[in-house]
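**Q** structure for the following, please:
(2 chains)
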Amino acid sequence: MKVKVLSRNPDDYVRETKLDIQRVPRNYDPTLHPFEVCREYTRALNATKLDRVFAKPFLTALDGHRDGVNCMAKHTTSLSTLLSGSCDGEVKVWNLSKRECLRTIQAHEGFVRGMVVRFCGTSFFTVGDDKTIKQWKMEAPGYGEAVEPLNTILGKTVYTGLAHHQKEGVFATCGQQVDIWDEQRSSPIRSFTWGVDSFSSVHFNPVETELLASCASDRSIILYDMREAAPLKKVIMTMRSNTLCWNPMEAYYFTSCNEDYNLYTYDMRYLNKPVIVHVDHVSAVLDVDYSPTGKEFVSASFDKTIRIFPKDAGHSREVYHTKRMQHVICVKWSSDNRYILSGSDEMNIRLWKASASEKLGVLAPREKNAANYRAKLREKFKHFPQIRRIAQHRHLPKAIYYQAKELKAMKDARRRKEKNVRSHSKPGSVPVLSEKEKHVVTVVK
Amino acid sequence: MAQKQAARFDLLLPEEAGFLEGDENEDTCTISQQDIADAVDITSGTKYFDLNLSQFGPYQLDYSKTGRHLLLGGRRGHVACVDWQSKQLMCEINVMESIRDVRWLHTETMFAVAQKKWLFIYDSNGIELHCIRKFNDVLRMQFLPYHFLLATASMTGFLQYLDVSVGKEVAAICTKKGRLDVMCQNPSNAVIHLGHSNGTVTLWSPSQKEPLVKMLCHHGGVRSVAVDKTGTYMVTSGMDKKLKVFDVRTFQNLNSYFLPAGASCLSLSQRGLLAAATGDVVQVYRDVWSSPVRKPYMAHRAQAAACELRFCPFEDVLGIGHGQGFTSILVPGAGEPNFDGLDSNPYRSAKQRQEWEVKALLEKIQPELISLDPTQLGKVDLGTFQQKHQDRVQALGFDPLAKEKFVPRHKKKGRSSAGNVDRRKRQVANIDQRLKFLTVAGNGTKKEVKQQPQLHLLCDACFLVLVKYYTYTHTHCWCKQRTLTRDKVF
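**A** Here you go, the predicted model:
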C-alpha cells in the first residue's frame, strides 16, 4: 500500500516572528476564484464610487491682482513659476509650490493683452493696450535697481496677442495685422494681412516651428508660414474663434475655442471639416490649453466653468466650478501634466488638479498599484449603465444646469424641424449635414 | 488570461495532492482506516477519529470555508463548534429544541442553526445573536459565501434568502413543491439546486420566482444532490436506488449507476471524489463522470446510519455525521493541496481574518447577479445595442454610425507611380467601390452599369479558377468580358 495524505507544516504558512509580514501563499487556479466577472464588476463599481467621493480638484487660489486676470504664461524651464497679467496692466510672477507672489511689475497702462516666456526662460515679453511690446528680465532686480524693461518697442496700433518662436529669437504679435519680429530689431521683419482688420490671437506650431495660426475677427482661422510672404490658407466659420492651441504631440491638430459655445479640433491639412466638435459649454469659450501629453485639453468659458475634454471625445470628462469663480478668461495646463491653472474675472488665479480624485504627494508602491488597478477596472466597466451613471454625474450650478437643458431643447427642436422639412420635400433636396459640416462656411487658399 | 496566469504559477505551488495505491491484487477499498492512519505521519493519523455522542444524535455537520472549524448539530439540540485539527472546543450548547441543520456563515465567528420553529444565529461562544422569525420551519440551509446570502429551504415549500451582511430577507420564493429537504448549491454560479419527491431537481436564483431549470432525474423521490466545484457536474441519488451524473451545462445524463441500497446522502470533494452513504457504509468513488466506475475507491463502515457527509476543504478528510456521533476519516486525494491565502487561508490570524472580512464585504456580489452563466456580465449585449441604435436612427432620421460615402478622387497628375497604382488597386478591391467608379466614370448608360457587377463577379470567379488550374495561357476570362494580364495570373 502506498499512501500520501495532505499534511502541511504550519511553519511554512505562518510567519516566524511578529516582526515579519504575514505569509500569503497564492494559487491562481480559476476554479478557486469563482465569480471572476461579478467580483470585478463589484470592484469597479466601488472604485467608481470612491473616485467620485475623493473628487476634490480645487487646491488653492492665488489672490493679489487688483483687476481681472487677462493672461497667463507658463515658465518654459521652471515648473513652479507662473506669470500672470491683469486688466490694470500689472504683471505678477508666482511661485506655485509656495503659493506666493514673488514679484509685481506695473508693465503697461491698460490691459496686459499677451505674455510669453522666451524659450530659454531668462526673459519674457508682454504686450499691452498702450501699444507697446516690452521685454523683461525673469530675475528680480537687485537692491536699489529700478524695475525697467530690457527692451521696449512702441508700435503704431494696439497689440492683442503675442507668441514666441520655439528655438529662435523671433516672436509674433497680432493686432491689426500679424507681425513677425526679430528680437534685435525695432520694426517687424514681416507683416501678414488678408483683408482682415483685427486678430485676437496668434500661436506658433510647437513642432513645425515656422508655422503660425491666428484667429481673426472675420470668423476665420488663418495659417501662415513664417518663411513665406503670404498666408497659407484660412477657414471661415459661422462664428468667431477666440483663440486656439496646437496639440503638442500631434502638431498637425489644433483646437480652437469658439463664440458659439463649442470647441473645434482641426487637422491643419484638411480644414474643410473639423475632426471633432467638442460641445458642453453653455457660453462663449474664451481659452484653451493642451496637456503636455496631447491627450486632453482644458477650456475656459464665459459660463464661469472650466472643462476638461479628451482630445478625441465630443463631450467633456470633467467640469470645475466654484461659487466665487466668475468668467474664466485664461487657462493653462501645467507642464508636469498634473495641475490646471485658471485666471478669472474676479482677480484670482486658481490651481486645480488635472484628475480630480488623484492623491497628491508620494505614493507607496502598493498604493500606486491599487490606484492603477482601480483606474483599469473603471475603464473596463465604464459602459455598464450603473457605473456610467455614477462616473458621469456632475453637480452643476443651477444656472448652467438649466441653460444646458434649454440648449438641448433648442437643438432638439431644430433637429425635429429639419427632419420634418426633409420628409416633406423632394428626396435629396435637403441633405443631412453632420454637426461637423454645419459650422464651416468655406476654406480659402 | 486567468488560466494562462494560473499555468505560469503552477510551477510555484508547493504542495502535492494525496493519493492511495494498493499493492498488486489489493483493492484500495479494502484498506481500512486504521491501516491508513498507521501508515501516514502522526499529524495526519490524528485526523482519523471518532466522537462518541450517542445521546443527541444523529448529527448534522459543516466545515468552515477554510476547513479549520467544524460545526456539529445533533437532532436533539446539541450544538458544538470545534477547531477540529487541534481538537479544541470553541463552544458547546444545548438549544433545548430539535435541530434540522447547522451552517457556518462567512467566518468562523458566526453560525446559523435551523431549529424547531425559527432560524437562529449564534456566535462562536454560543451566544444567541439573532432569532429570525421570518424564517420558519427551515429544513436545509446553504451559505453562498461570495454573495453573503443564507439560502434556506423550509417544510412549507419556501426557498428564502437572507442577506447576512445587512440582515434583510432578499427573496422568498414559494416553490409549490411541498417539503424541501434536499438542497445543495452550485459553487461556481451560486444557483440553488432543490430535489423533490416527484424525482425532479429544480434550479433557483433569488431574482426569479420560477425555477431556472426543472430536470426529471429519478423515478421516485430525489434523496440527495451534489454539484462539483467547477459547476460542471451534478450527482443525484434517488429512491429508485440509482446514482446519476449529469452535465449541468447541457442538462444531460452522463452516467447512471445502480446502488443496491441506494445512497442517502452525497458529497463531492474539491478534487472530484464522490462520497455516498448507504446506510452505515460510506463509499468514496473516483472519476464518476469520466468513465463508468466498477468499484469504490474507499469504503468505511460507521457506527450507525450516516445522515450527513461532508468533505473538509483543503484537507484529505471526510466528516461523517451519524446516529452515534461524528467520525472523521482519511480520504487521500480529496482536498485541494494549495489554498489561496487571500481567499481562504486555514492558517490565517485573527487580524488577517478581519482584513479578509472587510475586503470580502466590499466585494459582495449583488443577489441580482446570480444566474446560470456567471460570465454573462462580461459579454456584449448585442440585442440591446441594436435596439438602441435603431431607436437612435429613428429619432435622428439618419444613421450616425453609417460609414461615410466613398467619393472617388479623380486625380490626373502622377497616376502612374508604382505606389499610386498599388493604392488604386487596393481601393477598387471592394466591390461597391468598384461600382462607384464605374458610375462616376459615366462610360455607359445607367442600364449597362447595372449589369456590370454581375459580370465582374463572374470575372472574379473565373479569375480564381484561372489561378487554381494554372492555365496562364488564357489571356481572356471565360466570360469574354475582361482582359486578364499575365502578371495578374501569377
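**Q** for the stretch 251-400 of chain B, just list every one of the strands.
**A** B:252-258, B:265-268, B:274-278, B:281-285, B:298-301, B:306-311, B:317-322, B:325-330 (DSSP state E, counting those that start in this stretch).
**Q** near residue 295, how many other residues are there?
**A** Just going to use chain A. Residues near A:Lys295, counting by other C-beta atoms under 10 Å in any protein chain shown, number 13. Quick note: C-beta positions are derived from backbone N, CA and C, even for glycine.
**Q** meant chain B, my bad for not saying
**A** Neighbour tally, B:Lys295, other C-beta under 10 Å: 11.
**Q** which residue packs closest to the closest residue to chain B within the stretch 201-350 of chain A, ignoring adjacent ones?
**A** Closest approach between the stretch 201-350 of chain A and chain B, counting by C-beta to the nearest C-beta: A:Lys273, at 10.6 Å. Computed as C-beta to C-beta, 6 or more residues apart in numbering or on different chains, the closest residue to A:Lys273 that is not its neighbour in sequence is A:Lys436, at 5.1 Å.
**Q** need the three-state assignment for that neighbour.
**A** Judged by DSSP: H, G, I helix; E, B strand; the rest coil, the three-state class of A:Lys436 is helix.
**Q** contacts only, for A:Asp182.
**A** Going by C-beta atoms under 8 Å, 6 or more residues apart in numbering or on different chains, A:Asp182 touches A:Gly169, A:Val170, A:Ile189.
**Q** re earlier: TSV for the strands of the stretch 251-400 of chain B, including distance to A:Lys368?
**A** Shown next, in TSV, are the strands of the stretch 251-400 of chain B (distance: least, C-beta to C-beta, whole Å):
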stretch	distance to A:Lys368
strand B:252-258	49
strand B:265-268	42
strand B:274-278	47
strand B:281-285	49
strand B:298-301	51
strand B:306-311	41
strand B:317-322	42
strand B:325-330	47
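**Q** could those be laid out in CSV, adding mean pLDDT and distance to chain A?
**A** CSV is the format used below for the strands of the stretch 251-400 of chain B (pLDDT from 0 to 100; distance: least, C-beta to the nearest C-beta, whole Å):
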stretch, mean pLDDT, distance to chain A
strand B:252-258, 93, 19
strand B:265-268, 95, 13
strand B:274-278, 95, 16
strand B:281-285, 94, 14
strand B:298-301, 94, 11
strand B:306-311, 94, 12
strand B:317-322, 95, 9
strand B:325-330, 95, 6
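**Q** now render those strands as TSV, adding mean neighbour count.
**A** Below are those laid out as TSV (neighbours: other C-beta atoms under 10 Å in any protein chain shown):
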stretch	mean neighbour count
strand B:252-258	14
strand B:265-268	23
strand B:274-278	26
strand B:281-285	21
strand B:298-301	20
strand B:306-311	22
strand B:317-322	26
strand B:325-330	23
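**Q** tell me, how many residues neighbour A:Val5?
**A** Neighbour number of A:Val5 under other C-beta under 10 Å is 27.
**Q** right, and it touches B:Glu15 too?
**A** No - look at A:Val5 against B:Glu15 with C-beta atoms under 8 Å: they stay out of range, at 11.4 Å.
**Q** A:Lys445 - nearest residue in space that isn't next to it in sequence?
**A** Leaving out its chain neighbours, the residue that sits closest to A:Lys445 by C-beta to C-beta, 6+ apart is A:Lys233, at 4.5 Å.
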